[in-house]
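Q: Here is the input, now give the coordinates:
(chains A and B)
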Amino acid sequence: MKRYLSRRLLLAVPTLAGIVIVVFLLLHLAPGSPVSAIGGEASRRISQRAAEEMRRVYGLDRPLPERFGRWVGRVVRLDFGESFVDHRPVSERIAEALPYTLALNGLALFLTLAIAVPLGVAAGGKPEGPLDRTSGVVLFGLYSLPSFWAALLLQAFFSVRLGWLPLFGVASDSAPTGWAGLADRAAHLALPVACLTYGSLAFYARLVRASVAETRTMDYVLAARARGLTRRQALWRHAFRNALLPLITILGLVLPGLLSGSVIIEKIFAWPGLGRLYFDSILARDYPVVLALSLLVAVATLLFTLFADVAYALADPRVRDGTLE
Amino acid sequence: MNGSIRTRWILWRGMPASGRIALAVVLALWAVALVSPFLSRRAMEIRLEERLMAPSTAHPFGTDDLGRDLLARVVAATPLSLAIGLTSAAVSLVVGFLVGSVAGYLGGTVDLILSRLVEVVLCFPVLFLLMALAAFLPPSPSTVILAIGLTTWPGDARLARAEVLKARQLDYTRAAQAAGASMPRILLRHLLPNALAPLLVSASFGVAYAILAEAALSFLGVGLPAPAASWGGILSAAPAYIEEAWWMALFPGLALFLTVSAYNLLAEGLRRGSTETGVVG
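A: The predicted structure is shown next:
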């Protein structure tokens, strides 16, 4: 166990270094600068001298290794500089957007698991049964359904046609207080959460279904049935517990997928979260924000996978006492 | 070396009906793509007096904000969406196979380094990397293809590595090594044909994913440059008119959905075909 963990931690160091290098190179080797991104009429009016002055102020005229060194030095102190767009600290802009993304994706992930796990266990408990067949077809359809298309159709139907839900935004302009305000916020959350939920639903439900279908005929599950446990008990206490292992590993990598989906959904629903911030910053070539966001997300993902591996080691007795490396 | 031909036959025989239907749909889509350049260009003309018309017999899919026939636009976009999907998935497969098979074959330090590389790429949200690449490189179809290929290869690499690790110990690999075959020769002539079935499954899922990725990029406005329009590009105009023209959202997305499901279903069929007939061990 100790050996497994220390090896796992050691391997994360080069990955971390790789992340830092990729983030830096990706953006600093790219053509185009915030100066040219001002664009159109304005950029033609910026004189050569003014452009050079701007590059100097932002340190863009320095050689690459020097820029890298300075950047790493500041980043370890969690100083990401200030945004090219509004000159506020990058960390401030990220901190503002973070709660919105957490609320949206946290809710979506919770709903996903709350539906996917029971569905997967029920479907996997009786492979090729009626529930398994119908849920299989429906989930397959949802899996192939592009989220931005679904978002547009839901808007057209629920917001435009029926007028039940708001088109986009976080809350109404004249947001009421108390319970009515809460209902208003929930109405704004409904469509984006639905869009983020259905896509990952298929993935998790199929994963749980596959592992339960595989373990349900194993000797220890049959033995549990023979000892007099009901079918439900045998499935949940024995077959599903084993199916938790692949689920833990997959959940370690949940973050990048969630944020990818969040970019599109936050844009369509004008949700002021991290995905939207990233999108806007890319278009504005706001390097400090793009760099900081990519780096933070990638490092958070690395930490998640580390946690998942530790949790896996704790959950799997074979890894726990070192019989399986 | 008739392994690949045998594999193909076995895959077809073992494929469920849904997979065969999906294959027919994919072929039909490609047929549409091939004839689309010969269809009337007139339907695509801008006619402002016919803008935002609801579906009718004259315009089965309705017209867009510039009065262009949406059916004609969706058909005209087919070759672009399909070709970009296929080539991006090919790039991803080639890079993934190279990295994964070399890592699996050589093992040791090389494997350790290449596996870290895979891990690094996996830590980033695909769309983050995609948008950065697509927005910062000069906009063109090849940029989009490279961006998608270079962000989605880790999945293929993991698969190829696992397949090579399995086959490395087998007699036929040992025999090839004993006969003095070089590493590229062993990888390409011996290991690749035997890993073809799982790679084909992965490639088919990969095409579906690449078509979606391109559509997402073009929808967000960082995909293909303006005059060229893929299904995602046509869809990008829909949000602005969501209150008066639902058909601008419905039909281009329907084409996208049909294509993505067909490729996914084909992949699923190939997987069933290969596992049930024992091509995949």
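
Q: And the average pLDDT for the host helix or strand of residue B:89 is what?
A: Assigned by DSSP states H and E, residue B:89 belongs to helix B:70-106. Here helix B:70-106 scores 90 as its mean pLDDT.

Q: on contacts alone, who are the packing partners of it?
A: For helix B:70-106, the helices and strands in contact under the criterion 3 or more C-beta pairs under 8 Å, 6 or more residues apart in numbering or on different chains; DSSP states H and E are helix B:17-35, helix B:108-122, helix B:141-168, helix B:183-185, helix B:196-220, helix B:231-235, helix B:247-276. C-beta here means a position set from N, CA and C on the backbone, and glycine is covered the same way.

Q: Which SSE is immediately downstream of the shortest one?
A: Translated: helix B:183-185. Immediately after helix B:183-185, counting by DSSP H and E, sits helix B:192-194.

Q: so what does that next one touch, helix or strand wise?
A: Short answer (3+ C-beta pairs under 8 Å, 6+ apart): helix B:192-194 packs on helix B:3-14.

Q: residue boundaries of the helices in the stretch 51-200 of chain A?
A: According to DSSP state H, counting those that start in this stretch, the stretch 51-200 of chain A carries its helices in the segments A:64-75, A:90-125, A:130-143, A:147-154, A:178-215.

Q: Out of the helices and strands packed on helix B:70-106, indicate the one that is most buried.
A: For the helices and strands packed on helix B:70-106, the largest average neighbour count (mean count of other C-beta atoms under 10 Å in any protein chain shown) is found in helix B:231-235, namely a mean of 28.

Q: Residues in contact with that helix: which ones?
A: A:148-149, A:152, B:64, B:70, B:73-74, B:77, B:81, B:214-219, B:223-224, B:248-249, B:252-253, B:255-256 (C-beta atoms under 8 Å, 6 or more residues apart in numbering or on different chains).

Q: still on that earlier bit, measure how far the helix holding residue B:89 is from the centre of its chain, please.
A: On the basis of C-alpha atoms, centre = their mean, to the nearest Å, helix B:70-106 sits 4 Å off its chain's mean C-alpha point.

Q: For that helix, buried residues please.
A: For helix B:70-106, the buried set under the neighbour-count rule, 16 or more other C-beta atoms under 10 Å in any protein chain shown, comprises B:70-93, B:95-105.

Q: Looking at the stretch 51-200 of chain B, what residue ends up closest to chain A?
A: Residue nearest to chain A within the stretch 51-200 of chain B (C-beta to the nearest C-beta): residue B:136, separated by 3.3 Å.

Q: Could you tell me how many residues sit around that residue?
A: 21 (other C-beta atoms under 10 Å in any protein chain shown).

Q: Find me the pLDDT at it, would you?
A: For residue B:136, the predicted pLDDT is 77.

Q: Name the nearest residue to the residue most central in space within chain B, sequence neighbours excluded.
A: With distances taken as C-alpha atoms, centre = their mean, the residue of chain B nearest its centroid is residue B:207 (1.6 Å). Using C-beta to C-beta, 6 or more residues apart in numbering or on different chains and skipping residues adjacent in sequence, the residue nearest residue B:207 is residue B:89, 4.3 Å away.

Q: residues contacting that neighbour?
A: Counted by C-beta under 8 Å, 6+ apart, residue B:89 has contacts B:149, B:152, B:203, B:206, B:207, B:209, B:210.

Q: ok, now how distant is the last one from chain A?
A: Same thing as residue B:210. According to C-beta to the nearest C-beta, to the nearest Å, residue B:210 stands 13 Å off from chain A.

Q: Just to check, that residue is in contact with residue B:90?
A: No: counting by C-beta atoms under 8 Å, residue B:210 does not reach residue B:90; the two are 9.0 Å apart.

Q: Identify the contacts common to those two.
A: By C-beta under 8 Å, 6+ apart, residue B:210 and residue B:90 have these common neighbours: residue B:149.

Q: which SSE is residue B:55 in?
A: When secondary structure is defined by DSSP H and E, residue B:55 falls outside every helix and strand.

Q: Would you agree it is in contact with residue B:245?
A: No: the criterion here is C-beta under 8 Å, and residue B:55 misses it with residue B:245 at 10.2 Å.

Q: Compare these two (neighbour count), which wins?
A: Shown here are residue B:55 and residue B:245; by other C-beta under 10 Å, residue B:245 has more neighbours (22 against 16).

Q: Does that one fall in a helix, a strand, or a coil region?
A: coil (DSSP: H, G, I helix; E, B strand; the rest coil).

Q: From residue A:83, how far out is residue A:115?
A: As for residue A:115, its distance to residue A:83 is 39 Å (criterion: C-beta to C-beta, to the nearest Å).

Q: Neighbour count for these two, which is higher?
A: For the pair residue A:115 and residue A:83, the greater number of neighbours falls to residue A:83 (22 against 15), based on other C-beta under 10 Å.

Q: List the contacts of that one.
A: A:89, A:90, A:93, A:281, A:286, A:288, A:289.

Q: run the last query once more with 7 Å
A: By C-beta atoms under 7 Å, 6 or more residues apart in numbering or on different chains, the contact set of residue A:83 is A:90, A:93, A:286, A:288, A:289.

Q: Against chain B, how distant is it?
A: Relative to chain B, residue A:83 is positioned 17 Å away (C-beta to the nearest C-beta).

Q: same thing with residue A:205?
A: In terms of C-beta to the nearest C-beta, residue A:205 sits 15 Å off from chain B.

Q: The stretch 151-281 of chain B against chain A: which residues are in contact?
A: Residues of the stretch 151-281 of chain B found near chain A (C-beta under 7 Å from any C-beta of the partner chain) are B:208, B:212, B:215-216, B:219-220, B:235, B:238-239, B:242-243, B:246, B:249-250, B:253, B:256-257, B:260-261, B:264.

Q: Look up how far residue A:227 lies from the residue positioned nearest the centre of chain A.
A: The residue lying closest to the centre of chain A (C-alpha atoms, centre = their mean) is residue A:258, at 2.4 Å. Using C-beta to C-beta, residue A:258 is found at 41 Å from residue A:227.

Q: Ok, residue B:172 next?
A: Applying C-beta to C-beta, one obtains 47 Å for the distance of residue B:172 from residue A:227.

Q: higher neighbour count, the two?
A: Taking other C-beta under 10 Å, residue B:172 and residue A:227 do not tie; residue B:172 has more neighbours (12 against 9).

Q: what's the angle between the strand or helix carrying that one and helix B:141-168?
A: Using DSSP H and E, residue B:172 sits in helix B:171-178. Helix B:171-178 and helix B:141-168 meet at an angle of 100 degrees, taking axes from the mean of the first three to the mean of the last three C-alpha atoms, to 10 degrees as the criterion.

Q: Against which helices or strands is helix B:171-178 packed?
A: If contacts are counted by 3 or more C-beta pairs under 7 Å, 6 or more residues apart in numbering or on different chains; DSSP states H and E, helix B:171-178 sits against no helix or strand.

Q: now it against helix B:70-106, angle please.
A: 60 degrees.

Q: What residues sit buried inside helix B:171-178?
A: By neighbour count with 16+ other C-beta under 10 Å, helix B:171-178 contains the buried residues B:173, B:176.

Q: contacts for that helix?
A: The contact list for helix B:171-178 (C-beta under 7 Å, 6+ apart) reads B:167, B:186, B:190, B:191.

Q: show me what contacts the second one?
A: Contacts here follow C-beta under 7 Å, 6+ apart; on that basis residue B:186 touches B:173, B:176, B:177.

Q: Alright, I will stop here.
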